[in-house]
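S.K.: coords please:
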Amino acid sequence: MHLVQLLLPLFDNQGAHHPDDVFRRIRTELTDRFGGLTAYSRAPASGLWQDETTSRTTRDDIVVYEVMVDSLDRAWWSQYRSTLERGFRQKELIVRAQAIELL
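M.R.: Prediction:
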């Protein structure tokens, strides 16, 4: 089993808040496909990243969505990440997976 985490930005690159319906759609898509979802959205996490070309550090407020999957379909997740990057107008979004064991 794997835990897949999606780190999604609350704001676009111009500082505008992404509409709530964008997050609602993603929650519905993932819940319908995988049967459940955990959203860490009450107190946004803060991410920092450094631009390679300008060396400037930027702060992002993010929400984290998690789903547990029996098997990891890397091709599907890669395509879904690309779709999210286009939708959020981001050069790169973090979607990560780790093997887990239920106790």
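S.K.: quick one, helices of this structure?
M.R.: For the chain, the helices defined by DSSP state H cover 20-34, 74-88.
S.K.: a markdown table for these, including mean pLDDT, mean neighbour count and distance to Ala99?
M.R.: Bear in mind the C-beta positions are built from the backbone N, C-alpha and C, glycine included. Formatted as a markdown table, the helices of the chain follow (pLDDT from 0 to 100; neighbours: other C-beta atoms under 10 Å; distance: least, C-beta to C-beta, whole Å):
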| stretch | mean pLDDT | mean neighbour count | distance to Ala99 |
| --- | --- | --- | --- |
| helix 20-34 | 96 | 13 | 16 |
| helix 74-88 | 96 | 13 | 13 |
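S.K.: export these as JSON lines, with columns for distance to Ile62.
M.R.: Shown next, in JSON lines, are these (distance: least, C-beta to C-beta, whole Å):
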{"stretch": "helix 20-34", "distance to Ile62": "11"}
{"stretch": "helix 74-88", "distance to Ile62": "11"}
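S.K.: for His17, see how far away Gln90 is.
M.R.: Using C-beta to C-beta, to the nearest Å, one gets 15 Å for the distance from Gln90 to His17.
S.K.: higher neighbour count, the two?
M.R.: Between Gln90 and His17, counting by other C-beta atoms under 10 Å, Gln90 is the more crowded of the two (16 against 11).
S.K.: that one against Pro9, yeah?
M.R.: Yes: the criterion here is C-beta atoms under 8 Å, and Gln90 meets it with Pro9 at 6.6 Å.
S.K.: the residue nearest to Val63 when sequence neighbours are not counted and Asp61, how far apart?
M.R.: The shortest distance from Val63 to any non-neighbouring residue, by C-beta to C-beta, 6 or more residues apart in numbering, is to Ser41 (4.2 Å). Distance, Ser41 to Asp61, using C-beta to C-beta: 10 Å.
S.K.: can you pull out the strands in the protein?
M.R.: 2-9, 38-50, 57-69, 94-99 (DSSP state E).
S.K.: roughly how far is stretch 89-96 from the heart of the chain?
M.R.: Computed by C-alpha atoms, centre = their mean, to the nearest Å, the chain-centroid distance of stretch 89-96 equals 7 Å.
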